[in-house]
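Asker: Sequence and predicted structure, then a few things I'm wondering about:
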Amino acid sequence: MTPTWSPRRLLALNDAAIDSLANVLIDCVEGGASVSFMHPLSRDRAVAFWRRVAEGVAAGERALLVADDAQGVCGAVQLVLDQPENQPHRADLSKMLVHRRARRQGLGAALLQAAEATARECGKTLLVLDTASDDAERLYERQGWQQVGVIPGYALLPQGGLCNTTVYYRNLGA
């Protein structure tokens, strides 16, 4: 049976949340996700990343949404709300992470829909993102995101080797 996910917005991160999110990030990197980190990703680096995110969340510069299963946090997505003064209507969707144990169960779609709703609540009418995953591309396109284009050789995969990235946008104001 496919779970019904209920993503929730975190307004602050305590040590337990940071530790759980570090587990998800490490799992994604170990699974080959191109999410800005190389394999092996140390726990210290993963925790340091989430501490920086926590600062942005506390300052209102980022929105962080998470989802849990019986084992704890299994998915997360961020909205970078703090944009240049000529782009107050826009946010970047960033670091969509789903633990391998929770994939192909609708969690990515639930996180994406929650992020879009949160963006609207924050007064954002345009979202942008980039991805290096074919699975994520299918998800974004099913959810109505528009592909802008592909940048070849944009980043390294966690175990090495260049990968392309695909840029998408979603107009929330229509």
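Answerer: Perfect, thanks for sending it. These numbers come from a predicted model, not from an experiment.
Asker: Considering helices and strands only, name the one in this protein with the lowest mean pLDDT.
Answerer: Of all helical and strand segments in the chain, the minimum by mean pLDDT, DSSP states H and E falls on helix 134-142, at a mean of 95.
Asker: following it, which helix or strand shows up next?
Answerer: Downstream of helix 134-142, the next assigned helix or strand under DSSP states H and E is strand 146-156.
Asker: So the spatially most central residue of the chain, which state does it fall into?
Answerer: Centroid-nearest residue in the chain: residue 96, 2.0 Å away (criterion: C-alpha atoms, centre = their mean). Using DSSP: H, G, I helix; E, B strand; the rest coil, the structure places residue 96 in strand.
Asker: coming back round to it: relative orientation of the least confident helix or strand of the chain and strand 146-156 in degrees?
Answerer: If you take axes from the mean of the first three to the mean of the last three C-alpha atoms, to 10 degrees, helix 134-142 sits at 160 degrees to strand 146-156.
Asker: What helices and strands are in contact with helix 134-142?
Answerer: Where contact means 3 or more C-beta pairs under 8 Å, 6 or more residues apart in numbering; DSSP states H and E, helix 134-142 is packed against helix 107-121, strand 126-131. C-beta coordinates here come from the backbone N, C-alpha and C atoms, glycine included.
Asker: who wins for proximity to residue 56 among these?
Answerer: helix 107-121 (14.3 Å; C-beta to C-beta).
Asker: Name the residues that touch stretch 158-174?
Answerer: With contacts defined as C-beta atoms under 8 Å, 6 or more residues apart in numbering, stretch 158-174 is touched by 29-30, 32-34, 37-39, 41, 89, 116, 119-120, 124-132, 137, 140, 143-157.
Asker: contacts for the least confident helix or strand of the chain?
Answerer: 96, 103, 108, 109, 112, 129, 131, 147, 166, 168.
Asker: Now stretch 29-38: buried residues?
Answerer: 29, 33, 34, 35, 37 (16 or more other C-beta atoms under 10 Å).
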